[in-house]
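Chemist: below are the sequence and a predicted model; questions follow.
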Amino acid sequence: MNTVISVEHLRKTYGDVIAIDDVSFEVRHGEVFGILGSNGAGKTTTVEILQGLRARTGGRLEVLGLDPGRETDRLRRRIGSQLQSSALPERLRVIEAVRLFARLRDEPVDVDGAIQAWGLEPLRNRPFGVLSGGERQRLFVALALLGDPELVLLDELTTGLDPTARRATWELVRQMRDRGATVVLVTHFMEEAEALCDRVAVMDAGRVVACDTPHALTARQGGPVTITFSAIDGHDPRSLLTVPGVASVDVDGGRVSVTGHSTAAARVAAALIGQGVTPTDYRTHYPSLEDVFLTLTGRQPSEGEAT
Ligand SMILES: Nc1ncnc2c1ncn2[C@@H]1O[C@H](COP(=O)(O)OP(=O)(O)OP(=O)(O)O)[C@@H](O)[C@H]1O
């Protein structure tokens, strides 16, 4: 699979502040790659260096075969980048914004096609200033994707959106990927990363502390699976300790709690049925990316950098 972005030992300092200490990762063609981290982890600095908006202090970097530090203009024509909200004047109409950005592309852009594709037709003549958060994001996605860039960089795309608008925006990201773009998505929403990303890099204090698929990370670092159900008269839950993969069995206030390897959930269910016991409230909690994040960094994704 082609490598679209290759980052090796990237470093960025601002005077005494080490924003990026030592970051390495690769992004492959056609994937949605997540960069996760709490506030101040170095995510924005990383994606700004990737598109040549900031100079690196050290390390090697290649984006679409180009050096963002030296070949910035050539690179910018091939990538789509999400704007910050403040980047558009309040009175600029949606259609005017799309036309303006279309002119910045080398190749002719089908403006009406873009308006249709991203559901902007009803908003066509509305000024940017009156758009809702979700409508703005839709416009930003459309602008980032004008001219079908090979690589799209999105930084905190859904911050400030309500759950419905957030899910609608996730759909837009999936559409980008289906059109063949490679997407780099900066987020501190673990649920978003789990829903969208093929692979994620977890950043903490200027370093990548893990990089893999969400599934591999949760299987490796998310901790055990927990199974709970109500104790049943005449059944000794400790008999489950002999089930392969089970690590512990506890009974507390009539509630049985079993922990173990991810394969234990199915095996415990089978063992219970074999013992003639069928709990009606059998629940399984699989570790999530949030658990992984906590294990790896010792903090919640929304927490700031420890000082
Ligand atoms: N221009 C700058 N001058 C000095 N320090 C900076 C500058 N830009 C960023 N930093 C510092 O570098 C570190 C990384 O910042 P960055 O914005 O990349 O983090 P982030 O992971 O994107 O955080 P957030 O989720 O809050 O946006 C932070 O400690 C920040 O204060």
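Modeler: That came in fine, so what should we check first? Just so it is clear, the model here is predicted, and its values are computed rather than measured.
Chemist: per-residue pLDDT, the residue of the stretch 101-250 of the chain at minimum distance from the ligand?
Modeler: Minimum separation of the stretch 101-250 of the chain from the ligand (CB to the nearest ligand atom) falls at residue 188, amounting to 5.8 Å. C-beta here means a position set from N, CA and C on the backbone, and glycine is covered the same way. According to the per-residue confidence, residue 188 scores 85 in pLDDT.
Chemist: and for residue 301?
Modeler: Residue 301 carries a pLDDT score of 69 in this model.
Chemist: show me where the stretch 201-307 of the chain has its strands.
Modeler: When secondary structure is read from DSSP state E, counting those that start in this stretch, the stretch 201-307 of the chain shows strands at 207-212, 225-230, 246-252, 255-260, 283-285.
Chemist: any low-confidence regions in the chain?
Modeler: Filtered on pLDDT under 70, the chain yields the residue ranges 1, 83-86, 301-307.
Chemist: give me every residue in it lying close to the ligand.
Modeler: In this structure, the chain approaches the ligand at residues 14, 17, 19, 37, 39-45, 188, 305, judged by CB under 6 Å from any ligand atom.
Chemist: relative to residue 219, how far out is the residue nearest to the spatial centre of the chain?
Modeler: In the chain, the centroid-proximal residue (CA atoms, centre = their mean) is residue 193; its distance is 3.1 Å. Applying CB to CB, to the nearest Å, the value for residue 193 to residue 219 is 16 Å.
Chemist: quick check: closest non-adjacent residue to residue 30.
Modeler: Distance criterion CB to CB, 6 or more residues apart in numbering; nearest residue to residue 30, sequence neighbours excluded, is residue 182 at 5.9 Å.
Chemist: same check, this time on residue 89
Modeler: With CB to CB, 6+ apart as the measure, residue 128 is the residue that lies nearest to residue 89, at 6.8 Å, once sequence neighbours are left out.
Chemist: burial count for that neighbour?
Modeler: Other residues near residue 128 number 20, with proximity taken as other CB atoms under 10 Å.
Chemist: next one: phi and psi at it?
Modeler: As for residue 128, its main-chain torsions (degrees, to the nearest 10) stand at phi -50, psi -40.
Chemist: gap between it and residue 205?
Modeler: Using CB to CB, one gets 36 Å for the distance from residue 128 to residue 205.
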